[in-house]
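Novice: I would like the atomic coordinates for the input below:
(one chain, ligands or ions: 2)
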Amino acid sequence: MTDKLIIFDTTLRDGEQSPGASMTRDEKLRIARQLERLKVDVIEAGFAASSNGDFEAVQAIANAIKDSTICSLSRANDRDISRAAEALKGANSARIHTFIATSPLHMEKKLRMSPEQVLEQAKQSVRFARNLVGDIEFSPEDGYRSEMDFLCRVIEAVIAEGATTINVPDTVGYAVPELYGNFIKTLRERVPNSDKAIWSVHCHNDLGMAVANSLAGVKIGGARQVECTINGLGERAGNCSLEEIVMAVKTRKDYFDLSMGIDTKQILAASRMVSQTTGFVVQPNKAVVGANAFAHASGIHQDGVLKARDTYEIMRAEDVGWSANKIVLGKLSGRNAFKQRLEDLGVQMNSEADTNTAFAKFKELADRKSEIFDEDILALVSEESLIAENEQFAFVSLSQHSETGERPHASVVFTLAGKEVRGDAHGNGPVDASLKAIESHVKSGAEMVLYSVNAISGSTESQGEVTVRLQNSGRVVNGVGSDPDIVVASAKAYLSALNKLQSKSDRVAAQG
Ligand code: KIV
Ligand code: ZN
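Specialist: Ligands and ions are numbered 1, 2, ... in the order given. Next up, the predicted model:
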């Protein structure tokens, strides 16, 4: 019988640890709903003890999501574990994921604990967690750089205490595929009770090998759970990418011979949602979800694909959510067509009122742009959700003047805590003038660390999607805005980033 590969998504926990990728509770909930539509087996919703904001996010997701197991990370101590259990109370199926570092370097320099103390704490915390929740995952942090004998002792002990999943992280992305695969295999062979737990892989991408290492952990090592994130989001070079691992296992079923529960048609919607929410743009040549992933530019390739698709295509674009006909709607499209398109794209609005507002925005856009693409719709609904939840600042209107030889000037009208205000400023260009106009009122003092513009659907008629990354008092946030006018998109992105700076949430780092 074909084994099942469990897909454990950690976009909302490890992905969110990426500087600038922090998300609000409502953004996380929206992504969790999409992960449920994608049919991931486990959603790691956050690290409940790290901040009140994260606690509330885990709690909201546990209450709302019914088809996936909801998991919270927790350090190996009673307080963290109790907070995780508390946040997970409403879940249909709950998991606590507890971890402690086991590599000599981490134990000595970071934890300042002896190996015996670490072993005791690992056992004690799994025992404690097991009394609160039945499904317990244990991770020896920096597991891949740990000593084999010691790691075997720790893992044997935590399985004996009741851990049901053993996850072996390559925390720093140091592994190479064959060695990592053999590492998992050796552990499974040497730990006497290894058959009592499911083995899981968790690889970081510092050397660009997270997906390859995870696949080796599955194929050589016999792991049956993969931890991954949408778009490979995550600290430094990121985590193993969900879309790549899923499509590799599906496309090469002949080799891996594993089944998965994933609805791959929801992959693109998930990718767009995560990218638009975090402002982390997907590179055009990214496997599976990049804009060029299925584009054949050379004449020879186009000719081949027209004659027989499989000459150059190993996957079908439709299978991961790219629609065959990309022009979807226009000015004359009605509400039902709009709703149907949202459904096809896997977008579920939270209420009828949200659908109406999104439809009004769609009509507004259709008046200015003759062809509305899937990407436009996804940008529009994502922007909708951002505006709805962060009321402090909202864009109203903008006018700007620029002429060769003159210093550009902009006037921006926006609401500040419900009251309309207007800022005026000159700048180096119209975008600079507009953002200075906003700052003339807000005086946030934030430093801009990134500004990027991306044409949503490729032509000059397309909407510009702008990402602004701001830093203030140690916090880094991203704001995203879209509009056919890139100056307006920039002002929206800036206001969205300011909104996020307002919602303060200090959290402890999972690997701190
Ligand atoms: O990379 C890592 O070690 C982690 C653990 C906390 C599981 O993310
Ligand atoms: Zn990690």
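Novice: contacts and neighbour counts: CA atoms only from here.
Specialist: Fine.
Novice: tell me how many other residues surround the closest residue to ligand 1 within the stretch 1-150 of the chain.
Specialist: Nearest residue of the stretch 1-150 of the chain to ligand 1 (C-alpha to the nearest ligand atom) works out as residue 141 at 4.3 Å. Residues contacting residue 141 under the criterion other C-alpha atoms under 10 Å number 24.
Novice: and the gap between the residue of the chain most remote from its centre and residue 411?
Specialist: When distances to the mean C-alpha position of the chain are computed (C-alpha atoms, centre = their mean), the maximum falls on residue 405, with 43.9 Å. Per C-alpha to C-alpha, to the nearest Å, residue 405 is found 19 Å from residue 411.
Novice: cool, residue 392 as well?
Specialist: Noted for residue 392: a distance of 19 Å to residue 411, by C-alpha to C-alpha.
Novice: again, but for residue 291
Specialist: Distance of residue 291 to residue 411, computed by C-alpha to C-alpha: 35 Å.
Novice: looking at the two, which is more packed in?
Specialist: The residue with more neighbours, out of residue 291 and residue 411, is residue 411; 21 against 17, by other C-alpha under 10 Å.
Novice: residue contacts, the more buried one?
Specialist: Contacts for residue 411 (C-alpha atoms under 8 Å, 6 or more residues apart in numbering) come out as 398, 399, 400, 422, 423, 424, 425, 434, 437.
Novice: farthest-separated two in these?
Specialist: The largest separation in those, counting by C-alpha to C-alpha, is between 400 and 422 at 12.8 Å.
Novice: who touches the residue lying closest to residue 132 once chain neighbours are set aside in this structure?
Specialist: The spatially closest residue to residue 132, leaving aside those adjacent along the chain, is residue 85, at 6.5 Å (C-alpha to C-alpha, 6 or more residues apart in numbering). Listed by C-alpha under 8 Å, 6+ apart, the contact set of residue 85 reads 96, 132, 133.
Novice: residues contacting residue 412?
Specialist: For residue 412, the contacting residues are 396, 397, 398, 399, 422, 423, 424, 434, 437, 438, by C-alpha under 8 Å, 6+ apart.
Novice: tell me which element the last one falls in.
Specialist: Using DSSP states H and E, residue 438 maps to helix 430-442.
Novice: after that helix, which helix or strand is next?
Specialist: Counting by DSSP H and E, the next helix or strand C-terminal to helix 430-442 is strand 447-455.
Novice: quick check: whichever residue of the stretch 101-250 of the chain sits closest to ligand 1 vs residue 234, distance?
Specialist: Residue of the stretch 101-250 of the chain nearest ligand 1, by C-alpha to the nearest ligand atom: residue 171 (3.7 Å). Plainly put, residue 171 is 11 Å away from residue 234 if you go by C-alpha to C-alpha.
Novice: of the two, who's got more company?
Specialist: When residue 171 is set against residue 234 and neighbours are counted by other C-alpha under 10 Å, the residue ahead is residue 234, at 26 against 21.
Novice: what residues are up against that one?
Specialist: With contacts taken as C-alpha under 8 Å, 6+ apart, residue 234 has the following neighbours: 11, 14, 15, 16, 17, 18.
Novice: for those residues, which single residue is the most surrounded?
Specialist: The most crowded member of the contacts of residue 234, judged by other C-alpha under 10 Å, is residue 11 (31 neighbours).
Novice: thought residue 44 was touching that one, still the case?
Specialist: Yes. At 7.5 Å, residue 11 counts as touching residue 44 under the criterion of C-alpha atoms under 8 Å.
Novice: which pLDDT value belongs to residue 315?
Specialist: pLDDT recorded at residue 315 is 93.
Novice: residue 279 too?
Specialist: 85.
Novice: neighbours of it, how many?
Specialist: Other residues near residue 279 come to 23 when the count uses other C-alpha under 10 Å.
Novice: what residues are up against it?
Specialist: Going by C-alpha under 8 Å, 6+ apart, the list of residues near residue 279 reads 21, 467, 468, 478, 479, 480.
Novice: likewise for residue 245?
Specialist: Under the criterion of C-alpha under 8 Å, 6+ apart, the neighbours of residue 245 are 211, 214, 215.
Novice: and residue 316, how many neighbours?
Specialist: As a burial measure, residue 316 scores 15 neighbours (other C-alpha under 10 Å).
Novice: ok, it to ligand 1 distance?
Specialist: With the distance defined as C-alpha to the nearest ligand atom, to the nearest Å, residue 316 ends up 32 Å from ligand 1.
Novice: just for this structure, where's the confidence low?
Specialist: For the chain, the stretches flagged by pLDDT under 70 are 296-302, 324-328, 345-346, 382-391, 457-458, 504-512.
Novice: could you redo the last one with a cut-off of 50?
Specialist: Within the chain, the set of residues satisfying pLDDT under 50 comprises 325, 386-387, 512.
Novice: can I see the domain layout of it?
Specialist: Per automatic domain parsing, the structural domains of the chain span 3-278, 327-386, 390-502.
Novice: start to end distance for the longest one?
Specialist: When you say that, I think you mean domain 3-278. For domain 3-278, the separation between the terminal residues is 34 Å (C-alpha to C-alpha).
Novice: list only those of the contacts of residue 412 flagged as buried.
Specialist: The neighbour-count criterion (16 or more other C-alpha atoms under 10 Å) marks 398, 422, 423, 424, 434, 437, 438 among these as buried.
Novice: the third one pairs with what?
Specialist: When bridges are taken as DSSP bridges, the partners of residue 423 come out as residue 412.
Novice: let me see the contact set for it.
Specialist: Counting by C-alpha under 8 Å, 6+ apart, the residues that residue 423 touches are 411, 412, 413, 437, 438, 439, 440, 441.
Novice: and with 10 Å instead?
Specialist: In this structure, residue 423 makes contact with 398, 410-414, 433-442, judged by C-alpha atoms under 10 Å, 6 or more residues apart in numbering.
Novice: can you classify the residue in the stretch 351-500 of the chain positioned nearest to ligand 1 as helix, strand or coil?
Specialist: Relative to ligand 1, the nearest point of the stretch 351-500 of the chain is residue 476 (20.2 Å; C-alpha to the nearest ligand atom). Three-state assignment for residue 476 (DSSP: H, G, I helix; E, B strand; the rest coil): strand.
Novice: ranges for the helices of the stretch 301-450 of the chain?
Specialist: Taking DSSP state H, counting those that start in this stretch to define them, one finds helices in the stretch 301-450 of the chain at 335-344, 352-368, 374-389, 430-442.
Novice: what's the spacing between the residue positioned nearest the centre of the chain and residue 91?
Specialist: Centrality entry for the chain: nearest residue to the mean C-alpha point is residue 11, 3.8 Å, by C-alpha atoms, centre = their mean. In this structure, residue 11 and residue 91 are separated by 19 Å, where distance is defined by C-alpha to C-alpha.
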